[in-house]
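[1] The sequence isn't on hand, but the structure is:
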């Protein structure tokens, strides 16, 4: 995805996964599965192309208000602004069968035959392939999730990384105590982590009764921070600034309730 919102693709094109639609227009996010590609357009709709053997490239009719997308090997996920999740494509392991208790989702991830969702309260919901979908008991206050082929990962608010499932190429201690994890990505047999120390983190807490969206900022005590927001990851607007107390502080965005999507950035002067 380029700065102007256009999409460039290269590599294998055996099932048309590299044939970016000519009428795609500017996008805000992209995702790739085994042989299909997804793009989140700036109007909140989703475009898909490539392999459609299991319907993974057939976007559900009328799907709108999408704020995040994820591509598994043969299935696709979309997170809507209202916290609901839509799934389509192969469902041989139940990876497209939504759990009845799933609501207020703020992030999604898709693996080989399993799906994950992070809820606003910091809990994680998994469905599909058993070993990768069975969330460990006691996991809470997660701030990020990721799905590998048959592996699931969650970043907790203290920066620690929790993993479950199985991958023959990743040894059991591969992600134990790496330091404060800020972001993680996983594929087939590999994990990438962005590890930092005093960089600020914003954890979603959800909407308040007043309609304001609340986030929790974790940063260095006594350090001044500026928080910005953006509807499209391109144009940032000022939200607030303050000196962080220990260990965390709440950040409110009263203007988020009426918006289809919102991205946040915390930075130091």
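    Yep, that arrived. Just so you know, these numbers come straight off a predicted model, no measurement behind them.
[2] for the stretch 151-269 of the chain, what are the low-confidence residue spans?
    167-179, 196-199, 246-247 (pLDDT under 70).
[3] Please repeat the previous calculation with a cut-off of 80.
    Scanning the stretch 151-269 of the chain for pLDDT under 80 picks out 166-180, 182, 188-190, 192-211, 216, 218-221, 232-234, 244-249, 257-261, 269.
[4] Please tell me how far the residue nearest the centre of the chain sits from residue 202.
    Centroid-nearest residue in the chain, with C-alpha atoms, centre = their mean: residue 107, separated by 4.1 Å. Applying C-beta to C-beta, to the nearest Å, the value for residue 107 to residue 202 is 12 Å. (Glycine included, C-beta is placed from N, CA and C.)
[5] Confirm for me that residue 202 is in contact with residue 228.
    No. Counting by C-beta atoms under 8 Å, residue 202 sits too far from residue 228 to count as a contact (10.6 Å).
[6] Which neighbours do those two have in common?
    Shared contacts of residue 202 and residue 228 (C-beta atoms under 8 Å, 6 or more residues apart in numbering): 264, 265.
[7] what domains does the record give for the protein?
    For the chain, automatic domain parsing gives the domain ranges 27-196, 201-267.
[8] And those domains: which comes nearest residue 10?
    Residue 10 lies closest, by C-beta to C-beta, to one member of the domains of the chain: domain 27-196, at 11.5 Å.
[9] Quick one: distance of the closest one to the chain centre.
    Domain 27-196 sits 7 Å away from the centroid of its parent chain (C-alpha atoms, centre = their mean, to the nearest Å).
[10] which residues does the residue lying farthest from the centre of the chain contact?
    Most distant residue from the mean C-alpha position of the chain: residue 222, 30.0 Å away (C-alpha atoms, centre = their mean). Residues in contact with residue 222 (C-beta under 8 Å, 6+ apart) are 243, 244.
[11] SS state for it?
    Under the three-state scheme (DSSP: H, G, I helix; E, B strand; the rest coil), residue 222 adopts coil.
[12] Now do it against residue 249, distance only.
    12 Å.
[13] Same check on residue 109?
    28 Å.
[14] Same check on residue 181?
    Distance from residue 181 to residue 249, by C-beta to C-beta: 21 Å.
[15] what does residue 35 give?
    In terms of C-beta to C-beta, residue 35 sits 45 Å off from residue 249.
[16] With neighbour numbers in mind, choose between those two.
    More neighbours sit around residue 35 than around the other of residue 35 and residue 249, counting by other C-beta atoms under 10 Å; the figures are 19 against 16.
[17] That one reaches residue 50, doesn't it?
    Yes. Taking contacts as C-beta under 8 Å, residue 35 lies within contact range of residue 50: 5.3 Å.
[18] Model confidence for the closest residue in space to residue 260 that isn't next to it in sequence, exactly?
    With sequence-adjacent residues excluded and distances taken as C-beta to C-beta, 6 or more residues apart in numbering, residue 260 is closest to residue 81, at 4.6 Å. Confidence at residue 81, expressed as pLDDT, is 92.
[19] Now for residue 81, how many residues are close by?
    16.
[20] go on, residue 92?
    12.
[21] now the one 4 residues further on
    By other C-beta under 10 Å, 24 other residues sit near residue 96.
[22] Does it belong to a helix, a strand or coil?
    coil.
[23] if we can go back for a sec, looking at this, the residue nearest to the centre of the chain is in a helix?
    No. Counting by three-state DSSP, one finds residue 107 to be strand, located in no helix.
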